[in-house]
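**Q** Here is my input, please return the structure:
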Amino acid sequence: MKRTFAVIVIMLVTTVGQAFAAPVKIGVVDLQKAVSQCKSGIAARAELLKKTEELNSELRILKADFEKSRAEFEKDTARLTDESRSDKEKHLLKMSRDLQNRQRDAQEEVKQLESDYLKKVVNRLGLVLGKIGDEGTFSAILDKNAGVFYTGKEIDITPLLVKRADEEYGKQ
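**A** Just a heads-up that it's a prediction; the model follows:
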């Protein structure tokens, strides 16, 4: 009898708790799409493109200087003394190493800038998602690209995220 009563009480407690539980509401967002479509993402990409062009321009100038020096060396090599030729070869090697180092540094700089811009945009989107989640009483908001195999269009809140992120970006 005690056992039956305990089972009935447990069943009542669990079913009553489920009856009063709020429905689970899940949203899905395509974060990559949101980053590429929101104004802050577009602005960050434009800044990155501008910086990349500046670095490429600088590298083109350095490469042109190197090519000019190499052409002069090849043209004058027959007339140069051994010591002078050796000095110019060393100078060309140094210019070549400097150019390669600058190219590598520029690539690393672009990667770092891209990472910084992406982090900044994703952080902003995260704040907006937090607000959307609180306002829409979402139980969870998942990134579509993080292992979610299927989602219905009715739970995709990417357009809402882009719209709200653009509104927040406009306030700044």
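**Q** Please name the nearest non-neighbouring residue to Thr137.
**A** Closest residue to Thr137 apart from its sequence neighbours, by C-beta to C-beta, 6 or more residues apart in numbering: Lys25 at 6.0 Å. For glycine as for every other residue, the C-beta is placed from the backbone atoms N, C-alpha and C.
**Q** is it true that that neighbour touches Gly133?
**A** No: the pair Lys25 and Gly133 fails to qualify as a contact (C-beta atoms under 8 Å) at a distance of 9.4 Å.
**Q** ok, these two, which is more surrounded?
**A** Legend: neighbour count by other C-beta atoms under 10 Å for Lys25 and Gly133, higher for Gly133 (16 against 13).
**Q** Please identify the helix or strand for the more buried one.
**A** helix 82-135 (DSSP states H and E).
**Q** cool, Gly27 as well?
**A** Counting by DSSP H and E, the element that carries Gly27 is strand 26-29.
**Q** following that strand, which helix or strand shows up next?
**A** Next helix or strand after strand 26-29 toward the C-terminus (DSSP H and E): helix 31-37.
**Q** what sits up against that next one?
**A** By C-beta atoms under 8 Å, 6 or more residues apart in numbering, the surrounding residues in contact with helix 31-37 are 41-42, 45, 118, 121-122, 125, 143-145, 158, 161-162, 165.
**Q** Spatially central residue in this protein, please.
**A** Leu118 (3.1 Å; C-alpha atoms, centre = their mean).
**Q** what bits of this structure have low per-residue confidence?
**A** Along the chain, the parts satisfying pLDDT under 70 run over 1-22.
**Q** Against which helices or strands is the strand holding Gly27 packed?
**A** Contacts defined by 3 or more C-beta pairs under 8 Å, 6 or more residues apart in numbering; DSSP states H and E place strand 26-29 against helix 82-135, strand 140-143, helix 158-171.
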